[in-house]
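Asks: Starting from these lines, generate the structure:
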Amino acid sequence: MKHFIILSLLIVSLCGFTQENPVIDLNLYHLNGQVKSVEEFNLNTKGNSKSETNLNVNNYKTNIDKHPVRKILFNKKGYETETHEYTSGKLSSKIEYLLNPEMQKVKSKHYTYANNTFTVSKNNKSLVFLYDLKQRLSQLSTTENQLAINTLFLYDDQNRIVEITYEKGYGTYNGRDKFFYDKKGHCVKKITHNVPEKDVKNIYIMRYNEQGHVSDSLKLNPGGLLLNTISYEYLYDSKNNWITRFASTNNAIENITKRVIKYYGEDEEKIDTDFYDDTNDKEQDVTSIENQVLPLNNKENTTPTTIIKPKKELIENKPAKQNITTATQASRHITKKPLAENSLDKKSIKEKTKLDKKNKKLEEERLAKEKELKIKRFKEKAKQDKINQKLEAEKLEKEKKLQEKQAKEKAKQDKIDKKNEEERLAKEKELKIKQYKLKAKQDKVNQKLQAERRAAEQALQEKLDKEKAKLDKINQKLEKEKLAIENKTKKKEAKQQS
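Replies: Numbers count the residues shown, from 1 in each chain. All right, here's what the predicted structure looks like:
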């Protein structure tokens, strides 16, 4: 599970950022200055009653320190070297990153923490980082249950991530995210896809403040119906790094994240500016939850109010006009002792009563509008659900009819194929019989021809033998006649000589 948390952190930090060669991790995390470490604390107030939420928000300085989440360490060049993870507020594990000479992550090594000692995890499922020819992160790989888990990155011509594909096993599709950017390079839209259908799952729309941090995140279904909205308010330090973030839904704070950022070359015991007044070291008062953290009661007021009011404003009871999201007002003040109530004059008490009535009226109007909006959303959702159910039923009916049609066509085709096969086999059989008969007939003809040829050869041989015998007789006769003539000639010559 922690591997997926680390993967998610890496992916979130990479998205919406134009990559350099190599990318400085401080830039990925949108951190300014020579940061040494960032320790995160998280306080979840979701599901609490209003009084519990107000109590948590009022006392979040004390409560949130009990819930550390992680600590990220950087070297002096600005590259991430370690990540410490906490479980139930206690240190449980850490990840060390192996960096190449270009300061790019190559591999991770995982440790578990017990008995004040770090030991290498038995199932050390390291993350492996792969880069393309432009030195951009192209793939993150790890294993789980002997299956490869791969995350593949696709970039545009400005080196921004436009698509992330998730694979499980040997190239098996396991999801995909697409990202879209505005002219400033902010990731303003994200589309997630289902597994395994690959159709759209959800759409996320992001808005940003002047410092480039997400101020609103809207979640929509594939049809464009708004599911929920999360708004973010920030407190910043002197280096324009946010140190406290309030996440709210429906004007109710549901989560608070605090970051303790330490810098190289600075005193480790530096006072936390989130709770220190650098303009006046005197104690100050904390107002009610409505004016203290976020402008929750005034729906039309979208500009964040200050955390506290200076003394003068408390006496006159006028709302503060400071904006907690500007970098120039980074130091925020929460006092250690409330101001005595008898210090307020009668006029301020009267004005406070008037303001309380006005706030109460605004609260009632807000609740009425919220109720009306909820009813409207519920009706829209019910209507959309009905449409979706109808579309789904139509889709299922079409699929059923298509399947039946395909089954009929398949049966028909199978019947045709069977008939064609039978005809083919019958023709093959007929052809074989015909070929057999033709061969038998040809063999018979061949046998007859061979017999006739042998008989003709025998007759010719006999005739030749007879002609030869006759010729031999003629030759013998001629030979005898020749001998007789020779003898007669010899006798005649002998007679003439005598």
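Asks: where are the low-confidence patches of this structure?
Replies: 1-23, 47-59, 123-124, 267-347 (pLDDT under 70).
Asks: Longest helix in it, by number of residues?
Replies: Ranked by residue count and defined by DSSP state H, the top helix of the chain is helix 346-497.
Asks: Gln497: neighbour count?
Replies: Per other C-beta atoms under 10 Å, the neighbour tally for Gln497 reads 6. Quick note: C-beta positions are derived from backbone N, CA and C, even for glycine.
Asks: Ok, Glu380 next?
Replies: 12.
Asks: Against Ile387, how distant is the residue nearest to it when sequence neighbours are not counted?
Replies: Leaving aside its chain neighbours, Glu380 sits nearest to Leu225 (6.9 Å; criterion: C-beta to C-beta, 6 or more residues apart in numbering). For Leu225, the distance to Ile387 (C-beta to C-beta, to the nearest Å) stands at 10 Å.
Asks: okay, the two: which has more neighbours?
Replies: Between Leu225 and Ile387, counting by other C-beta under 10 Å, Leu225 is the more crowded of the two (15 against 11).
Asks: what sits against that one?
Replies: 380-381, 384 (C-beta atoms under 8 Å, 6 or more residues apart in numbering).
Asks: Now it, what are its backbone angles?
Replies: phi -80, psi 130 (degrees, to the nearest 10).
Asks: Mind listing the residues bridging to Ser217?
Replies: Met206, Ile230 (DSSP bridges).
Asks: count of neighbours near it?
Replies: Other residues close to Ser217 by other C-beta under 10 Å number 16.
Asks: wait, doesn't it sit right on Asn202?
Replies: No - counting by C-beta atoms under 8 Å, Ser217 does not reach Asn202; the two are 11.4 Å apart.
Asks: distance of the residue lying farthest from the centre of the chain from Lys490?
Replies: Farthest-out residue of the chain from its mean C-alpha position, per C-alpha atoms, centre = their mean: Ser498, at 143.7 Å. Going from Ser498 to Lys490 by C-beta to C-beta gives 13 Å.
Asks: circling back to that earlier point, for the residue farthest from the centre of the chain, give its distance to Ile485.
Replies: 21 Å.
Asks: again with Glu370
Replies: 158 Å.
Asks: residue ranges for the strands of the stretch 1-150 of the chain, please.
Replies: 35-44, 68-74, 80-87, 90-99, 105-114, 117-120, 128-131, 137-144, 147-155 (DSSP state E, counting those that start in this stretch).
Asks: Of all those strands, which one is nearest Thr192?
Replies: Closest to Thr192 of the strands of the stretch 1-150 of the chain is strand 147-155 (C-beta to C-beta; 13.9 Å).
Asks: Buried residues of the closest one, list them for me.
Replies: Under the neighbour-count criterion of 16 or more other C-beta atoms under 10 Å, strand 147-155 has 149-151, 153, 155 buried.
Asks: same deal with stretch 222-238?
Replies: Buried residues in stretch 222-238 (16+ other C-beta under 10 Å): 230-237.
Asks: same check, this time on stretch 130-140
Replies: Neighbour-count burial for stretch 130-140 [16+ other C-beta under 10 Å]: 131, 136-138, 140.
Asks: quick one: Thr198 and Leu391, what's the gap?
Replies: Small correction: residue 198 is Lys, not Thr. Taken as C-beta to C-beta, the span from Lys198 to Leu391 is 19 Å.
Asks: I should have written Tyr170 there, sorry.
Replies: Taking C-beta to C-beta, one finds Tyr170 at 35 Å from Leu391.
Asks: Quick check on those two: which one has the bigger neighbour count.
Replies: Leu391 (11 against 8).
Asks: show me what contacts that one?
Replies: Neighbouring residues of Leu391 by C-beta under 8 Å, 6+ apart: there are none.
Asks: Extract the C-alpha trace of stretch 103-117 and format it as PDB.
Replies: C-alpha atoms of stretch 103-117 as PDB (Å, rounded to 0.1, in the frame of the first residue of the first chain):
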ATOM      1  CA  MET A 103      21.100  13.500  -9.500                       C
ATOM      2  CA  GLN A 104      18.300  11.400 -11.000                       C
ATOM      3  CA  LYS A 105      16.600   8.700  -8.900                       C
ATOM      4  CA  VAL A 106      17.600   5.300 -10.100                       C
ATOM      5  CA  LYS A 107      16.300   2.900  -7.400                       C
ATOM      6  CA  SER A 108      14.700   2.900  -4.000                       C
ATOM      7  CA  LYS A 109      15.600   0.900  -0.900                       C
ATOM      8  CA  HIS A 110      12.900   0.300   1.700                       C
ATOM      9  CA  TYR A 111      13.400   0.000   5.500                       C
ATOM     10  CA  THR A 112      11.100  -0.800   8.400                       C
ATOM     11  CA  TYR A 113      11.500   0.900  11.800                       C
ATOM     12  CA  ALA A 114      11.300  -1.000  15.100                       C
ATOM     13  CA  ASN A 115      13.100  -0.800  18.400                       C
ATOM     14  CA  ASN A 116      14.700   2.500  17.500                       C
ATOM     15  CA  THR A 117      16.400   0.800  14.500                       C
END
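Asks: Show me what it is in contact with.
Replies: 6, 22, 24, 77, 79-80, 91-100, 118-121, 124-129, 131, 135.
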